[in-house]
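Peer 1: The following comprises the amino acid sequence and a computationally predicted model.
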Amino acid sequence: MLTERSTLTQFLIEERRRYPDSSGELNSLILDVALACKAIAKRIASGALTGVLGSAEVTNVQGEKQQKLDVLANDIFLRANEWGGLVTGMASEELEDPYLIPRKYPRGKYLLTFDPLDGSSNIDVNVSDGSIFSILRSPTPGVDAKVEDFLQPGTEQVACGYAIYGPSTMIVLTVGRGVHGFTLDPHLGEFFLTRQDITLPESTAEFAINSSNGRFWEPAVVRYVDECLAGKSGPRGKDFNMRWVASLVAETHRVLTRGGVFLYPRDSKDMSIEGRLRLLYEANPIAFLIEQAGGRATTGRERILDVKPSQLHQRIGFIFGSRQEVERIEHYHSAPVEDPEELDHPLYALRGLFRDTA
Ligand code: MN
Ligand code: MN
């Protein structure tokens, strides 16, 4: 029987007992990931005292400025997971190509993808960030992973989760049977089960979007946000709150805690990319968690978990949260454009975000 004093290890052992034939390798892998998260939490918590803040003065494969902690967290993930004989390779936000396991270690049967430090621009301002991970089965156990091996739809994930480094450190994960949260006891160095079977409220009055991109949004998103902003006197008939932390993990954790909807939709800001967030190590694991908690995750046009990836670092429009809100946004994407003038104005300037509705 799991209680508030159950550890992550105990939880994983109870889960494994449901599958008498399982080898326990998945548990070992999750615990290695958890160790990496503990190590990262410790570095983050020490902040400026250990000189880990600030920029690494390099640009990563994504064209983003790496923080020192991005580099450090990536190394911690690699070192914690390369030796155990559990994976055939790893894919990281910080590495252009899959990381191959050093020759001296055996290859296993899983693939691990991760964003070692999500929301790293929040570090210097002492705001929550996190790590995100996803575990897939390797199509070729025992053999070095190739890029194609990782290009599996999110429905194929075996387990996934995130660590959030906030006032307390937590791991929230699923192994395909609900979503569960564990809080780190820093004195014992153990994660304890503190939230069992996390479920999302079906409806909400809270949304999160970076409205500075409003002029690049598609009509469906403009309409949704306009209607939220119109509040009680608008078509929704209720007032909404807006939130924006600019850290996917922190946004997800809020949505999993009290409901809400998060949008980083496809927009016209950079037509060469389909969205901002990365499919394999951001959208897929978060979408799996959200669905397991009773919510919904979409590109606006397609269920995230059904998208067949074409590239390791593929980006995608990402909308998730309480089921009813996400269904509404999906409907707006598929609904015919109501104002014929919009067809002539692809930048839909007529329906700007903070337009005067008088
Ligand atoms: Mn990220
Ligand atoms: Mn990152």
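Peer 2: Right, received. Where do you want to start? Numbering: from 1, shown residues only. Ligands and ions are numbered 1, 2, ... in the order given.
Peer 1: Which strands and helices lie in contact with the longest helix along the chain?
Peer 2: The single longest helix within the chain, with elements called by DSSP state H, is helix 25-46. Judged by 3 or more CB pairs under 8 Å, 6 or more residues apart in numbering; DSSP states H and E, the packing partners of helix 25-46 are helix 8-16, helix 68-81, strand 110-118, strand 129-137, strand 159-165, strand 169-174. Placement of C-beta: from N, CA and C, glycine included.
Peer 1: ok now the first one, how far from the chain's centre?
Peer 2: I take that to be helix 8-16. Relative to its parent chain, helix 8-16 has a centroid offset of 23 Å by CA atoms, centre = their mean, to the nearest Å.
Peer 1: mean confidence for that helix?
Peer 2: Averaged across helix 8-16, pLDDT comes to 96.
Peer 1: Quick check: residues of the chain near ligand 2?
Peer 2: Glu93, Asp115, Leu117, Asp118 (CB under 5 Å from the ion).
Peer 1: that older thread, let me have the helices and strands packed on helix 25-46 in CSV, extended by distance to Glu57.
Peer 2: Formatted as CSV, these follow (distance: least, CB to CB, whole Å):
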stretch, distance to Glu57
helix 8-16, 36
helix 68-81, 9
strand 110-118, 16
strand 129-137, 20
strand 159-165, 23
strand 169-174, 28
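Peer 1: Export those as JSON lines, with columns for mean neighbour count and distance to His253.
Peer 2: JSON lines is the format used below for the helices and strands packed on helix 25-46 (neighbours: other CB atoms under 10 Å; distance: least, CB to CB, whole Å):
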{"stretch": "helix 8-16", "mean neighbour count": "17", "distance to His253": "17"}
{"stretch": "helix 68-81", "mean neighbour count": "22", "distance to His253": "18"}
{"stretch": "strand 110-118", "mean neighbour count": "28", "distance to His253": "11"}
{"stretch": "strand 129-137", "mean neighbour count": "26", "distance to His253": "8"}
{"stretch": "strand 159-165", "mean neighbour count": "27", "distance to His253": "5"}
{"stretch": "strand 169-174", "mean neighbour count": "24", "distance to His253": "7"}
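Peer 1: Pull the contacting residues for Arg79.
Peer 2: Ala36 (CB atoms under 8 Å, 6 or more residues apart in numbering).
Peer 1: residue boundaries of the helices in this structure?
Peer 2: Under DSSP H, the chain gives helices at 8-16, 25-46, 68-81, 147-150, 219-230, 248-258, 284-292, 323-334, 341-344.
Peer 1: among these, which is nearest Gly181?
Peer 2: helix 248-258 (7.9 Å; CB to CB).
Peer 1: Give me the helices and strands touching that closest one, please.
Peer 2: Using 3+ CB pairs under 8 Å, 6+ apart: helix 248-258 touches strand 129-137, strand 159-165, strand 169-174, strand 206-209, strand 261-264, helix 284-292, strand 318-321.
Peer 1: related to what we said a few turns ago, among the residues of the chain next to ligand 2, which are in reach of ligand 1?
Peer 2: Asp115, Asp118.
Peer 1: Make a markdown table out of the residues of the chain next to ligand 2 and add distance to His331 and pLDDT.
Peer 2: Shown next, in a markdown table, are the residues of the chain next to ligand 2 (distance: CB to CB, whole Å; pLDDT from 0 to 100):
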| residue | distance to His331 | pLDDT |
| --- | --- | --- |
| Glu93 | 32 | 96 |
| Asp115 | 30 | 98 |
| Leu117 | 36 | 97 |
| Asp118 | 30 | 96 |
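Peer 1: what's the distance between Leu8 and ligand 1?
Peer 2: Remark: distance between Leu8 and ligand 1 (CB to the ion, to the nearest Å) = 23 Å.
Peer 1: returning to that earlier point: wait, which of the helices and strands packed on helix 25-46 is closest to Tyr264?
Peer 2: Nearest of the helices and strands packed on helix 25-46 (CB to CB): strand 110-118, 12.5 Å.
Peer 1: In its sheet, which strands sit next to the closest one, and in what direction?
Peer 2: Strands that pair with strand 110-118, judged by DSSP bridges, come out as strand 87-92 (parallel), strand 129-137 (antiparallel).
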